[in-house]
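Participant: Turn this into a model:
(chains A and B)
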Amino acid sequence: MITKRIIPCLDVKDGRVVKGVQFVQLRDAGDPVELATFYDDQGADELVFLDISASHEGRKTMVDVVEQVAAQLAIPFTVGGGIHTLDDMKKMLRAGADKVSINTAAVNNPNLITEGADFFGSQCIVVAIDAKYDETIQSWRVYTHGGRRATEWEVVAWAKEVVARGAGEILLTSMDCDGGKNGFDLALTKTVSEAVSVPVIASGGAGSAEHFLAAFVEGKADAALAASIFHYKETSVREVKHYLRMQGVNVR
Amino acid sequence: MIGIIDYGMGNLYSVSKALERLNCEYVISSDQKKLTQTNGLILPGVGSFRDAMHILNETRLSAFIRTAVQEGMPLLGICLGMQLLFEESEENGRTAGLKLLKGRVVRFPGVTATGEPYKVPHMGWNRLQFRHPSPILAGVEEGYVYFVHSYYVDTDDDSVVLASSIYDVDVPAVVGNGRVFGTQFHPEKSSTIGMRILQNYVSLVEGKGSS
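Facilitator: Sure thing, here's the model as predicted:
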């Protein structure tokens, strides 16, 4: 049967990897190609690159980064951030990305999901969802613009909508847990994973190998993503997978 | 020299970079004359079966591929490129394929026989199980390779299924007949095992080139 996937995420700004803690503080953590190769050797199943460049030049640099990574890497990777049009998708996929991830652009223009899926196939289209618990709706609300802007969407309704439009995978980030290292949001992950037919990647809050186990067993996630705990070598992909294997989780 | 068939749909860059890592010369082209001068072909593909066949037929590349195969040219289809080798697909309505191998392409039902739902696409790393020996699998272990697809090949011709993986159903993962091969997974994205399979194909092609 298929394995549970461990996915390191690299935030890239102007060609360098950085990581936002609670989306605000940034620390420099290295060269994207070097890090990608490092994670490949460690047994990472996939990688996600999020382009957080604000400038046009930074965005152009990202295409070069994608080409360099694709030339080196023999595992799949997803590129997100700054993708707003079919043409943006084409650029990244042509540069060698296996999937593109869209977030704000999907909410602003849900048709982009449909167009992308029709043109490139669902398997290339990842919709990233940032969600935060909201007492007033007794559920999680979807946010855009890197977590700065609340939308009208409740998370399950939005997840179902993106799948109906052809998203092949959902990258689900808990804003409540992100950066806290206290574990993934299991309730959110389970709720979304059970509501949709496509794979769900749990994201936000990874602090230990046990957290990954919980994301897969209790959270019903198909994959789990983390950044800082891997970048700052608090644990390694290899250690996490070893632990999961010992606990009976099917990993590569 | 390998000819990567460029028909506008596919992970040409990843495949070509993988060949570079193997020190294998290649051309990426839609030009039949250029492709004819190579020793073996790769048919990549990501996207919809219907769109892919439409383009292959319109550019007459489908006839070219069939003729080349009849004349003994090796061919490796990857992912959608593998599915295109078969008779037809039910993706977006019925579409005829290249008909080089027997079988049809159908969608994962997404529900087991006992009514349990499961995720589609089949996305991620799954283990190979060998079914028939083949030069394309020489030195390859029954390890994990990377799949991403919502449709799979359903065939009564067991002889063409060289390796399979289990995802609710038995999924043909490596297929082959004579010099025609296909992988449902992405060898160029399947780490060392994938690279070994590509290397085997390259060796097979180069073997022909030197004879």
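Participant: all helices for chain B, in order.
Facilitator: Assignment of helices within chain B using DSSP state H yields the ranges B:12-21, B:32-36, B:49-58, B:61-70, B:80-83, B:191-210.
Participant: Could you list every helix and strand that the fifth one packs against?
Facilitator: Secondary-structure packing of helix B:80-83 (3 or more Cβ pairs under 8 Å, 6 or more residues apart in numbering or on different chains; DSSP states H and E): helix B:49-58, strand B:151-154, strand B:180-183. Every C-beta, even on glycine, is put in place using the N, C-alpha and C of the backbone.
Participant: for B:G97, what are its contacts?
Facilitator: B:F49, B:M53, B:Q83, B:L84, B:L85, B:F86, B:E87, B:E88, B:S89, B:V105 (Cβ atoms under 8 Å, 6 or more residues apart in numbering or on different chains).
Participant: er, B:L162 actually
Facilitator: Residues near B:L162 by Cβ under 8 Å, 6+ apart: B:F130, B:R131, B:H132, B:P133, B:S134, B:I136, B:L137, B:V174, B:V175, B:G176, B:F181.
Participant: pretty sure the last one is touching B:P74, no?
Facilitator: Yes: taking Cβ atoms under 8 Å as the contact criterion, B:F181 and B:P74 are neighbours in contact, 7.4 Å apart.
Participant: between these two, what contacts are shared?
Facilitator: B:Y201.
Participant: one step back: output the helices of chain B in CSV, with mean pLDDT and distance to A:A167 appended to each entry.
Facilitator: Shown next, in CSV, are the helices of chain B (pLDDT from 0 to 100; distance: least, Cβ to Cβ, whole Å):
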stretch, mean pLDDT, distance to A:A167
helix B:12-21, 89, 22
helix B:32-36, 97, 35
helix B:49-58, 93, 19
helix B:61-70, 98, 31
helix B:80-83, 96, 19
helix B:191-210, 88, 26
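Participant: Remind me what the strand ranked longest in chain B packs against, helices and strands.
Facilitator: Longest strand in chain B, counting residues (DSSP state E): strand B:169-177. Contacts defined by 3+ Cβ pairs under 8 Å, 6+ apart place strand B:169-177 against strand B:122-127, strand B:144-149, strand B:151-154, strand B:161-167, strand B:180-183.
Participant: Given the second one, what are its sheet partners and their directions?
Facilitator: By that I understand strand B:144-149. Sheet pairing here is set by DSSP bridges, and for strand B:144-149 it gives strand B:122-127 (antiparallel).
Participant: And the fourth one, by the same measure?
Facilitator: Partner strands and pairing direction for strand B:161-167 (DSSP bridges) are strand B:129-130 (antiparallel), strand B:169-177 (antiparallel).
Participant: May I see the buried residues of the last one?
Facilitator: The neighbour-count criterion (16 or more other Cβ atoms under 10 Å in any protein chain shown) identifies B:V169, B:V171, B:P172, B:A173, B:V174, B:V175, B:G176, B:N177 as the buried residues of strand B:169-177.
Participant: hang on, isn't the fourth one packed against B:Q184?
Facilitator: If I follow you right, that is B:A173. Yes: look at B:A173 against B:Q184 with Cβ under 8 Å: they come within range, at 5.1 Å.
Participant: Overlap of the contact sets of the two?
Facilitator: Shared contacts of B:A173 and B:Q184, defined by Cβ under 8 Å, 6+ apart, comprise B:F147.
Participant: how about the strands in chain A?
Facilitator: For chain A, the strands defined by DSSP E occupy A:5-13, A:16-21, A:25-30, A:47-51, A:77-80, A:99-102, A:125-134, A:139-144, A:149-154, A:169-174, A:200-203, A:223-226.
Participant: Many thanks, have a good one.
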